[in-house]
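A.B. asks: Got a predicted model here, sequence first, then my questions.
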Amino acid sequence: MTALTTMTEPGHQSTLPLRAAMIALAATFVSLTSSRLLIQALVDHRWPIAVYTAIAAIVGYGPLIICCIVVSRSLGTGRLSDDIGLDMKRIDLGWGPVTWLACLAAQLVAAVVVITARLPFESNTDGFSARAGDRAYVISFAILAVVCAPFVEELVFRGLVLRGLMSRAPVWWAVGLQGVLFGCAHIDPIRGLKNIGLVLVLSSVGVVLGGAAHLLGRLAPTMIAHALVNTVALIVVLNT
């Protein structure tokens with residue numbers, strides 16, 4: 001028996017049981033941690049950067065896609081389009097950029113807070129510009145940041161996590177919490193407290209994406225917006 005609740009009113013969508021969110025978060029922690037540890041263990045082999053990119057994508061994101069499918073089949077209807085909003089309409093090509101602009105505004109507000117409060121900030125792309133001349137590295141990084149990350153992270157956070165939280169909490173609380181969890185997922189243990197500013201900025205983006213996913217009932221606009229956010233960040237890094 002499934003715990004799925006279906007809503008058909010505009011701006012609403014089906015929800016998943018809370019354990020769907022818990023499973024997704026656990027899978028995210030295990031996958032990302034395993035990917036980082038595996039890359040660190042293999043880095044001395046000096047393989048082509050494309051190999052490391054493939055490993056990072058497969059180990060870091062592959063299990064999360066499988067997790068979404070399994071959770072949908074076991075706790076939902078088995079149709080990702082219904083369970084997490086994995087479908088697309090032509091109008092989403094417009095909603096995506098609009099959502100991105102909202103993300104940009106949220107980032108600017110968060111940046112003001114970080115600067116005003118003098119919070120430590122260190123980007124997870126620090127050191128990237130030093131290898132900007134390595135074409136293979138740039139292309140590989142771009143594929144991960146602009147294609148893989150937006151697709152998979154939206155499936156997890158605006159799909160399973162948001163809809164799982166919505167089954168037990170008010171929408172505003174669920175949107176806010178998944179946004180903070182999204183920000184925390186980008187923490188790099190090596191940077192320690194320097195992650196605080198980054199987490200705040202990315203949490204603001206996560207909240208906007210969560211709100212858009214709820215209001216529109218689909219992930220396509222947030223995937224597009226997420227890809228644009230990462231693309232702009234990549235361009236800025238390459239030109240600094």
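C.D. replies: Perfect, I can see it now. Residues are numbered from 1 along each chain as shown.
A.B. asks: measure the residue positioned nearest the centre of the chain to M22 for me?
C.D. replies: Against the mean C-alpha coordinate of the chain, by CA atoms, centre = their mean, the closest residue is E153 at 3.2 Å. To M22, E153 is 17 Å away according to CB to CB, to the nearest Å. C-beta: built from backbone N, CA, C; applies to glycine.
A.B. asks: quick revisit: I figured the residue nearest to the centre of the chain was touching A227, is that so?
C.D. replies: No. At 10.5 Å, E153 does not count as touching A227 under the criterion of CB atoms under 8 Å.
A.B. asks: Quick one: name whatever helix or strand follows the helix-or-strand element of the chain with minimal mean pLDDT.
C.D. replies: Least confident helix or strand of the chain, by mean pLDDT, DSSP states H and E, is helix 135-142 with a mean of 79. Using DSSP states H and E, the next helix or strand after helix 135-142 towards the C-terminus is helix 149-153.
A.B. asks: List of residues touching that following helix?
C.D. replies: 61, 64-65, 182, 185, 223-224, 226-227, 230 (CB atoms under 8 Å, 6 or more residues apart in numbering).
A.B. asks: same for the helix or strand following it, what does it pack against?
C.D. replies: Downstream of helix 149-153, the next assigned helix or strand under DSSP H and E is helix 162-166. The contact analysis (3 or more CB pairs under 8 Å, 6 or more residues apart in numbering; DSSP states H and E) places helix 162-166 against helix 18-42, helix 171-184, helix 196-216.
A.B. asks: residue ranges with poor pLDDT in this structure?
C.D. replies: Across the chain, the ranges flagged by pLDDT under 70 are 1-13, 125-134.
A.B. asks: One more pass at 90, please.
C.D. replies: By pLDDT under 90, the low-scoring segments of the chain are 1-15, 36-37, 39-53, 121-143, 187-195, 234-240.
A.B. asks: In it, which helix is the longest?
C.D. replies: Determined from DSSP state H, the single longest helix within the chain is helix 49-75.
A.B. asks: That one to helix 18-42, inter-axis angle?
C.D. replies: Inter-element angle recorded for helix 49-75 and helix 18-42: 160 degrees (by axes from the mean of the first three to the mean of the last three CA atoms, to 10 degrees).
A.B. asks: Just give the closest residue to L32, not the sequence neighbours.
C.D. replies: Once flanking residues are discounted, L32 sits nearest to G60: 5.6 Å by CB to CB, 6 or more residues apart in numbering.
A.B. asks: give the contact list for that neighbour.
C.D. replies: 31-32, 34-35.
A.B. asks: Go through those and say which is closest to W172.
C.D. replies: Comparing the contacts of G60 against W172 with CB to CB picks out L32 as the nearest, at 27.2 Å.
A.B. asks: Okay, the closest one and L16: tell me how far apart.
C.D. replies: Separation of L32 from L16 (CB to CB) stands at 21 Å.
A.B. asks: Of those two, which one has the most company?
C.D. replies: When L32 and L16 are compared for neighbours, L16 comes out ahead with 29 against 19, by other CB atoms under 10 Å.
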